[in-house]
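Colleague: Using only what follows, build the 3D model:
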Amino acid sequence: MQRKAYVPGAAALLVALLAGCTSGSDDGGITDDANPGDAGTASAAAEPGRYRTLPEPCAAIGQSTLDALLPGIPQITDETQREKAYEGEPTVTFDTDRKVGCRWKVESTDATDRLLVDLERVVSYDAASDDSEAEGVFAEKQEAADLPEPTDSESSTSDVSSDVSSDVSSESATPSSSPSSSSPSSSSTSPSATPSDLQPRLLDDVGDEAFLDDALSSSGSTARQRTVTVAFRTSNVIVTIVYEEQSATVGVVPDSEEMQDRAREVASRLADALAG
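Modeller: Now for the predicted structure:
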């Protein structure tokens, strides 16, 4: 049997007819490749966050504030080295529009102090606003901090943290009748009782939301190190301050209240600067 010849025109007509069957009609029908949500998404575009840029972090902290947090800076006699210490070191980042930071490390006669300031600008790439996206990111950060439940003030002020009990065990074993038991020197290792108002907690006076964490390194043969972290969110920017101090003398515990006050002061200044 002789085969029928292939007719290009007929094939083209068939393709055209099939295309017509799948295309939208004049009465507003939806085509196969149309996205029903396109129109709604366009009309309900997410609101951008307040901040489109980030400040220069190494210039965000004044010299007087750095003097308080890093007492070793005023002790540097070489002027060039002192100026370099004030300048800090920018953290490595691949997108300065989204994330910037600066760190300082200074040794003094009493301790080694470190300060980190980190700023992140959150941007949403879906229907959520930048602020909503930032709320979610901050919630994850807060959850990762694993803040303890608030404790009773009376009980917490009388309790001694287990992580520093070894530091005072030798002194607590001294008979009460011994004159050394009342020696003022025994108090140098006793800032281990942490009242409830110094426990890791939420803060209500910095930014839109904030929290504070306070951690003391486990006891051992080396000097103790305390790390105080204050994180807060303002609109779509999340700021994290990490302040660390390691005593130069074994048995001396960095003061929790003093470090928290300093870290919160930095957070307040940065929050005011962003708000302005």
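Colleague: in terms of contact, does residue 249 touch residue 222 like I think?
Modeller: No - look at residue 249 against residue 222 with C-beta atoms under 8 Å: they stay out of range, at 10.9 Å. C-betas here are computed from N, CA, C, even on glycine.
Colleague: just the strands in the stretch 101-250 of the chain please.
Modeller: Using DSSP state E, counting those that start in this stretch, the strands found in the stretch 101-250 of the chain span residues 111-121, 201-203, 209-216, 225-234, 237-247.
Colleague: what packs against the first one?
Modeller: Judged by 3 or more C-beta pairs under 8 Å, 6 or more residues apart in numbering; DSSP states H and E, strand 111-121 is in contact with helix 63-69, strand 99-107, strand 237-247, helix 256-275.
Colleague: now do the shortest one
Modeller: Packed against strand 201-203 by the contact rule (3+ C-beta pairs under 8 Å, 6+ apart) you find strand 209-216.
Colleague: same deal with the last one?
Modeller: Other helices and strands packing on strand 237-247, by 3+ C-beta pairs under 8 Å, 6+ apart, are strand 111-121, helix 130-145, strand 225-234, helix 256-275.
Colleague: Try it again at 6 Å.
Modeller: Of the remaining helices and strands, those touching strand 237-247 by 3 or more C-beta pairs under 6 Å, 6 or more residues apart in numbering; DSSP states H and E are strand 111-121, strand 225-234, helix 256-275.
Colleague: Pick the most buried one from these.
Modeller: Among the helices and strands packed on strand 237-247, strand 225-234 has the highest mean neighbour count (mean count of other C-beta atoms under 10 Å), at a mean of 22.
Colleague: Packing partners of it?
Modeller: Contacts defined by 3+ C-beta pairs under 6 Å, 6+ apart place strand 225-234 against strand 209-216, strand 237-247, helix 256-275.
Colleague: Looking at the residue lying closest to residue 235 once chain neighbours are set aside now. What's its pLDDT?
Modeller: Leaving aside its chain neighbours, residue 235 sits nearest to residue 50 (3.9 Å; criterion: C-beta to C-beta, 6 or more residues apart in numbering). The score at residue 50 is 84. That number is its pLDDT.
Colleague: What of residue 6?
Modeller: 42.
Colleague: Count residues in the vicinity of the residue nearest to residue 235, would you?
Modeller: Here the number of neighbours of residue 50 (other C-beta atoms under 10 Å) works out to 14.
Colleague: That one: helix or strand, and which one exactly?
Modeller: Applying DSSP states H and E as the criterion places residue 50 outside every helix and strand.
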